[in-house]
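# Fold the following for me, if possible:
(one chain, ligands or ions: 1)
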Amino acid sequence: MISDAAPASSAPAPDPAARFEGRGLLCIRGERIVFGDLDLSMAPGEALLLLGPNGSGKSSLLRLMAGLLRPAMGDLHWHDGPVSADPERHHARTRYVGHTDAVKPVLSARENLAFWARVCAGPDESAETLAARVDAALNRFALGHLARVPGRMLSAGQKRRLNLARLLAAPAPLWLMDEPTTALDVGSIAVLEEVMAEHRAGGGMIALSTHQGVTLPGARVLNLDDYAVDAVDAWGLHVAAHPEEIAP
Ligand SMILES: Nc1ncnc2c1ncn2[C@@H]1O[C@H](COP(=O)(O)OP(=O)(O)OP(=O)(O)O)[C@@H](O)[C@H]1O
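Numbering: from 1, shown residues only. Next up is the predicted model:
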């Protein structure tokens with residue numbers, strides 16, 4: 001056990017009616033159909049475990065869910081409307097932890113988290129609330145003693161823990177996590193599992209890709225291999241249907 005603080009508090013209350021769904025999703029990347037006809041559905045407290053071999057589309061699906069990539073067909077929507085109708089609202093409800101740790105090298109660990117907390121904060125959240133949440137998040141991932149260390153001096157595992165601490169410093173209902181245990185030691189994986197369980201117990205949702213064992217009790221498994229598409233012709237598509245990437 002490496003955590004040394006209570007869970008970060010003062011997070012916005014979850015919406016028990018929240019529901020996130022995708023219907024008939026088709027993903028094309030680099031002129032290749034990665035997967036097609038994929039449906040998904042998530043309710044408060046639920047987790048989705050994305051499995052499949054290299055290149056099967058786990059990262060691509062997470063990027064679609066995050067709104068960083070557009071589906072070539074199909075749509076993603078919340079209970080109160082399609083993602084495409086209000087991308088900013090979707091981003092406010094979503095936290096994406098990708099392969100690349102979004103750690104600014106010249107800012108200290110605390111400054112990195114404070115930046116994220118401020119960017120994602122609601123209009124009524126005070127500086128004191130945000131500072132308390134940042135410190136709790138740092139301590140939860142055993143980074144308190146590294147709070148003043150610049151991002152460039154953190155090890156790979158420490159950067160990954162700082163990236164994960166963003167989930168607590170800037171709370172949101174839907175966590176999208178691409179191989180989040182990469183570079184983590186055993187103790188840090190245990191903390192992550194606790195934090196994910198608490199998020200779900202509070203009504204949060206998690207979609208997570210992994211090649212390693214991660215304890216995510218009761219998670220539904222979505223194997224991307226089941227949605228592989230061999231022939232573009234099967235969809236009556238031309239390569240011109242290939243959508244633009246929204247972000248790198
Ligand atoms: N930026 C990109 N441009 C074009 N094609 C891409 C891009 N990123 C990924 N792809 C392709 O999309 C397909 C799915 O890749 P993706 O990264 O989603 O798979 P993955 O299941 O997450 O793989 P891994 O287990 O190796 O992380 C692969 O064929 C890959 O070559």
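# What is the burial count for the residue nearest to G98 when sequence neighbours are not counted?
Distances taken as CB to CB, 6 or more residues apart in numbering put D178 closest to G98, at 5.0 Å, once the chain neighbours are dropped. The C-beta positions use only the backbone N, C-alpha and C, and glycine is treated the same way. For D178, the neighbour count with other CB atoms under 10 Å is 21.
# tell me the contacts of D178?
Applying CB atoms under 8 Å, 6 or more residues apart in numbering to D178 gives the contacts K58, S59, L62, Y96, V97, G98, H99, S209.
# May I have the predicted confidence score for it?
On the pLDDT scale, D178 is placed at 96.
# for A11, same thing?
For A11, pLDDT reads 52.
# who does the residue nearest to G98 bridge with?
S209 (DSSP bridges).
# Roughly how far does it sit from the ligand?
7 Å (CB to the nearest ligand atom, to the nearest Å).
# For P53, list the residues it contacts.
D225.
# and it, backbone torsions?
Reported as degrees, to the nearest 10, the phi and psi values for P53 are phi -70, psi 170.
# Flag every residue of the chain that's near the ligand.
By the rule CB under 6 Å from any ligand atom, the part of the chain lying against the ligand is 29-30, 32, 34, 52, 54-60, 224.
# Now which of those would you call buried?
R29, V34, G52, S56, G57, K58, S59, S60, L224 (16 or more other CB atoms under 10 Å).
# Which of the residues of the chain next to the ligand fall in strands?
Judged by DSSP state E, the residues of the chain next to the ligand include R29, R32, V34 as members of strands.
# Sort these by pLDDT and name the bottom one.
R32 (87).
# That one pairs with what?
R29.
# quick one: contacts for R148?
S108, A109, R110.
# Recalculate using a threshold of 6 Å.
S108 (CB atoms under 6 Å, 6 or more residues apart in numbering).
# So for it, what's the pLDDT?
97.
# which stretches of the protein aren't confidently modelled?
1-14, 230-248 (pLDDT under 70).
# centroid residue for it?
With distances taken as CA atoms, centre = their mean, L176 lies nearest the centre of the chain, 2.1 Å away.
# Ramachandran angles for that one?
phi -120, psi 120.
# Would you check how far apart it and R148 are?
From L176 across to R148, the span is 30 Å (CB to CB, to the nearest Å).
# Same check on I189?
In terms of CB to CB, I189 sits 26 Å off from R148.
# One more: L154?
Distance from L154 to R148, by CB to CB: 12 Å.
# What segments of the protein are helices?
Ranges of helices in the chain, per DSSP state H, are 58-66, 87-93, 109-120, 127-140, 156-169, 186-201.
# circling back: for M205, state which of the residues of the chain next to the ligand is nearest.
Nearest to M205, judged by CB to CB, of these is K58 at 16.8 Å.
# Pull out the buried positions in stretch 180-188.
Buried positions in stretch 180-188, judged by neighbour count with 16+ other CB under 10 Å: P180, T181, A183, L184, S188.
# now the first one, nearest residue through space, not along the chain?
It refers to P180. V97 (5.5 Å).
# what's the burial count for that neighbour?
So V97, with other CB under 10 Å, has 21 neighbours.
# Ok, H79 next?
11.
# what's the answer for T210, then?
17.
# out of everything not next to it in sequence, what's closest to it?
E179 (5.8 Å).
# So what's the residue count around that neighbour?
Neighbours of E179 using other CB under 10 Å come to 20.
# any idea how far it is from D15?
E179 is 28 Å from D15, by CB to CB.
# who's in contact with stretch 170-177?
By CB under 6 Å, 6+ apart, the residues outside stretch 170-177 that reach it are 11, 14, 18, 20, 62, 65-66, 93-97, 116-117, 120, 167, 204-208.
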